[in-house]
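Chemist: sequence and predicted structure below; questions after.
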Amino acid sequence: QVQLVESGGGLVQPGGSLRLSCAASGFTFSSSVMSWYRQAPGKERELVATISTDGRSTSYANSLEGRFTISRDNAKSTVYLQMNSLKPEDTAVYYCKSRLSDLRTYWGQGTQVTVSS
């Protein structure tokens, strides 16, 4: 069955970095558009970044100010989110999402990122 397993979250100080990973299985990863979302306490889930099937095209939420980078390794069926210059307002549960070629979507279980001194 389809599985998306996020990892790499944790507690980091302001200004620090984290790299999230999302390992996929159960579907054709290389044909799927992948995205990262996040949801802070009391807020709606928001789109963070999206990457095309071949990794050549990416898009980001305007609020990130160039601090995050999404990438993928189709050979490993994994999508990454490199997060630099982290701020307390980046604290959230981060989710990866797949959109298959037939437009079905799947979500991972999320990984907690906490930015605090």
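Modeler: Yes, it's here.

Chemist: for the residue sitting nearest the centre point of the chain, give me its contacts.
Modeler: Nearest residue to the geometric centre of the chain (Cα atoms, centre = their mean): residue 36, 3.0 Å. Neighbouring residues of residue 36 by Cβ atoms under 8 Å, 6 or more residues apart in numbering: 20, 22, 47-50, 70, 79, 81, 94-97. Glycine gets a C-beta too; all of them are placed from N, C-alpha and C.

Chemist: what of residue 87?
Modeler: Residues near residue 87 by Cβ under 8 Å, 6+ apart: 14, 115.

Chemist: and it, what are its phi and psi?
Modeler: The phi/psi pair for residue 87 (degrees, to the nearest 10) reads phi -120, psi 160.

Chemist: same deal with the one 4 residues further on?
Modeler: Dihedral pair for residue 91: phi -60, psi 120, per degrees, to the nearest 10.

Chemist: my guess is it meets residue 39, correct?
Modeler: No - look at residue 91 against residue 39 with Cβ atoms under 8 Å: they stay out of range, at 10.5 Å.

Chemist: which one of these two has more residues nearby?
Modeler: Shown here are residue 91 and residue 39; by other Cβ atoms under 10 Å, residue 91 has more neighbours (17 against 14).

Chemist: since that was my last question, I'll sign off now.
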